[in-house]
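**Student:** with the sequence up front, the predicted model follows.
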Amino acid sequence: MKTKAVRLYGKNDLRLETFDLKEIKEDEILAHIISDSICMSSYKATLMGSEHKRVPINIKTSPIIIGHEFCGEIVKVGKKWKGEFKKGDKFAIQPAVNYKGKLDAPGYSYENIGGASTYCIIPNEIMESGCLLKYNGSAFFYGSLCEPLSCIIGGFNASYHTTLGSYTHKMGIKKGGNLAILAGGGAMGLAATSLAINSENAPLLIVVTDIDKERLKRASSILPVKRATKKGIKLVYLDVSDSKNIASHLLKLTNGKGFDDVFVYTPIKSVVELADEILAVDGCLNFFAGPTNANFKAELNFYNVHYNAVHIVGTSGGNTKDMKKALSLIEKGELNPSNMITHIGGLDAVIDTTLKLPLIGGGKKLIYTNIKMPLIAVEEFKKRENESELYKKLAKIISENGGVWSEKAEKYLLENAEAI
């Protein structure tokens, strides 16, 4: 079977190619990918090439398929897995496989599996590790977004607090505490805010900071302050672009106590150091955003580490349990990640989008891998409705859904867009 895929050959060397997939082995599964959300991690892997820890050194001769936030349908099941999976099953994949201690992951390490493709072969180790997950949701894009959601869930689970004097760790964000999400106006920060509001460990104060006024404006319109207020939570969106003493301003919001949990959603030295400044006693700094610089460093107040028991954790993706939790929240309708999506495109848009990802702005860039379409902001369909009947109809569907991507929009796009 032939597949079309975007493959990585070296630093910033991405190519959209058509090639043959071999017949699957008895322990493999053939799958049809429908949607893939482009992650900043794919940009980092493209930027670093084989210097990335998950990318093989031989990609010049054995290129890998990029993309790891994908959802699709099973086409054919090898003999070994026929009792567990069947043709037509929808699926999502947990890319952090950790098979026998290896760092190999779909979207980084494999020649025949990655989200930026039409068809792929799922290798045995994915199933052996329990990382091929059945998905019963109604739209494919929800399945793509469960991976980034699992990263947020994993971050919340990794945070911890101590019982002073007994050194017992209590895992998770502090219930009834103060939570800050720094540089949180984007898609991931917005999802984290929503998750915190609906968490069993919900804080009483959530402060979301950003330097982009438009991002904060969009965030506050999608996740209004009133929604948090109804649950007894004070939600504050704070523009820090002009603040001279940001730490002092943030601490005033806590009456000087500080924040029990601080999530850093951008790898910038000043932001990390700001997080350190605003920690409460026993505060947890969660460094969520991974840097591309292997020597990235920031100062930490070790006086507070010693006397105030402040501490730092970091996570790089969620685990399978986190992924299952994300799938469950989506399937039950308890969490709707639609508002994370700000751009839509076809497989032909992947290369340019990935290479320019930090410059594009907005939230998640959702790719439908079997169609041909440039990357278009969801809000831009209205402005481009005179270009085609497709854009005109999508603009109407999006408008009727409050300006947000939807299952109805996905269905219409898949039925009417030009095939690649």
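**Tutor:** Good, I have the coordinates.
**Student:** distance of residue 41 from residue 114?
**Tutor:** Noted for residue 41: a distance of 12 Å to residue 114, by Cβ to Cβ, to the nearest Å. Backbone N, C-alpha and C define where each C-beta goes, glycine included.
**Student:** shared neighbours, these two?
**Tutor:** Common neighbours of residue 41 and residue 114, using Cβ atoms under 8 Å, 6 or more residues apart in numbering, are 68, 107.
**Student:** these two - which one has more neighbours?
**Tutor:** The neighbour comparison of residue 41 against residue 114 (other Cβ atoms under 10 Å) goes to residue 114, with 28 against 22.
**Student:** ok, the residue nearest the centre of the chain to residue 322 distance?
**Tutor:** Geometric centre of the chain, nearest residue: residue 148, 2.5 Å, by Cα atoms, centre = their mean. Per Cβ to Cβ, residue 148 is found 11 Å from residue 322.
**Student:** in a helix, the residue nearest to the centre of the chain, correct?
**Tutor:** Yes. Counting by DSSP: H, G, I helix; E, B strand; the rest coil, one finds residue 148 located in a helix.
**Student:** isn't it right up against residue 188?
**Tutor:** Yes. In this structure, residue 148 is within contact of residue 188 by Cβ atoms under 8 Å, at 6.3 Å.
**Student:** what's the overlap in contacts for those two?
**Tutor:** Between them, residue 148 and residue 188 share the contacting residues residue 340, judged by Cβ under 8 Å, 6+ apart.
**Student:** before we move on, back to that, who are the neighbours in contact with the residue nearest to the centre of the chain?
**Tutor:** Residue 148 neighbours (Cβ under 8 Å, 6+ apart): 37, 39, 69, 187, 188, 191, 337, 340, 364.
**Student:** tell me both backbone torsions, phi and psi, for the closest residue in space to residue 205 that isn't next to it in sequence.
**Tutor:** Computed as Cβ to Cβ, 6 or more residues apart in numbering, the closest residue to residue 205 that is not its neighbour in sequence is residue 178, at 4.5 Å. Dihedral pair for residue 178: phi -110, psi 130, per degrees, to the nearest 10.
**Student:** what residues are up against residue 178?
**Tutor:** Listed by Cβ under 8 Å, 6+ apart, the contact set of residue 178 reads 203, 204, 205, 207, 253, 254, 257, 258, 259, 260, 261, 280.
**Student:** nearest to residue 1 among the contacts of residue 148?
**Tutor:** Taking Cβ to Cβ as the measure, residue 1 sits nearest to residue 69 out of the contacts of residue 148, at 23.1 Å.
**Student:** residues near that closest one, how many?
**Tutor:** Applying other Cβ under 10 Å, I find that residue 69 has 30 neighbouring residues.
**Student:** need the contact list for the nearest residue to it once chain neighbours are set aside.
**Tutor:** Closest residue to residue 69 apart from its sequence neighbours, by Cβ to Cβ, 6+ apart: residue 37 at 4.0 Å. For residue 37, the contact set (Cβ under 8 Å, 6+ apart) comprises 69-70, 115, 141, 144-145, 147-148, 341, 364-367.
**Student:** please flag which of those residues sit within helices.
**Tutor:** 141, 144, 145, 147, 148 (DSSP state H).
**Student:** contacts only, for the first one.
**Tutor:** Right, residue 141. Residues near residue 141 by Cβ under 8 Å, 6+ apart: 35, 37, 71, 338, 341, 366, 405, 410.
**Student:** so the third one bridges to which residues?
**Tutor:** Partner residues in beta bridges with residue 71, using DSSP bridges, are residue 35, residue 92.
**Student:** what's the local residue count around it?
**Tutor:** Residue 71 has 27 nearby residues by other Cβ under 10 Å.
**Student:** thinking it is in contact with residue 90, fair?
**Tutor:** Yes. Residue 71 lies in contact with residue 90 (Cβ under 8 Å); the separation is 6.9 Å.
**Student:** mutual contacts of the two, please.
**Tutor:** 135, 140, 143.
**Student:** quick one: which of those residues is nearest residue 393?
**Tutor:** Nearest to residue 393 out of the shared contacts of residue 71 and residue 90 is residue 140 (Cβ to Cβ; 18.8 Å).
**Student:** so how many other residues sit close to that closest one?
**Tutor:** So residue 140, with other Cβ under 10 Å, has 26 neighbours.
**Student:** let me know whether it touches residue 410 as I believe.
**Tutor:** Yes. Using Cβ under 8 Å, residue 140 is in contact with residue 410, at 6.6 Å.
**Student:** intersection of neighbour lists for those two?
**Tutor:** Joint contacts of residue 140 and residue 410 (Cβ under 8 Å, 6+ apart) are residue 35.
**Student:** just the element for the residue lying farthest from the centre of the chain, please.
**Tutor:** In terms of distance from the mean C-alpha position of the chain, residue 165 ranks first, at 37.1 Å (Cα atoms, centre = their mean). Of the helices and strands defined by DSSP states H and E, none includes residue 165.
**Student:** which pLDDT value belongs to the residue nearest to the centre of the chain?
**Tutor:** Looking at residue 148, its pLDDT reads 85.
**Student:** roughly how far does it sit from residue 317?
**Tutor:** 9 Å.
**Student:** over to residue 216?
**Tutor:** Counting by Cβ to Cβ, the gap from residue 216 to residue 317 is 26 Å.
**Student:** ok, the residue nearest to residue 205 to residue 314 distance?
**Tutor:** Between residue 178 and residue 314 the computed distance is 20 Å (Cβ to Cβ).
**Student:** narrow the contacts of residue 141 to those in strands?
**Tutor:** 35, 37, 71, 341, 366 (DSSP state E).
**Student:** re earlier: nearest to residue 98 among the contacts of residue 178?
**Tutor:** residue 261 (26.2 Å).
**Student:** surely that closest one forms part of a strand?
**Tutor:** Yes. Assessed with three-state DSSP, residue 261 lies in a strand.
**Student:** I figured it was touching residue 177, is that so?
**Tutor:** Yes. Between residue 261 and residue 177 a contact is recorded at 6.4 Å, counting by Cβ under 8 Å.
**Student:** neighbour-wise, which of those two wins?
**Tutor:** residue 261 (27 against 23).
**Student:** what strand or helix carries residue 219?
**Tutor:** helix 213-222.
**Student:** how about residues contacting that helix?
**Tutor:** Residues contacting helix 213-222 (Cβ under 8 Å, 6+ apart): 184-186, 189-190, 193, 208, 210, 237-239, 241, 339, 361, 404.
**Student:** return the subset of these lying in helices.
**Tutor:** 189, 190, 193.
**Student:** give me the contact list for stretch 228-236.
**Tutor:** Applying Cβ under 8 Å, 6+ apart, the set of residues contacting stretch 228-236 is 193, 197-198, 202-208, 223, 225, 227, 253.
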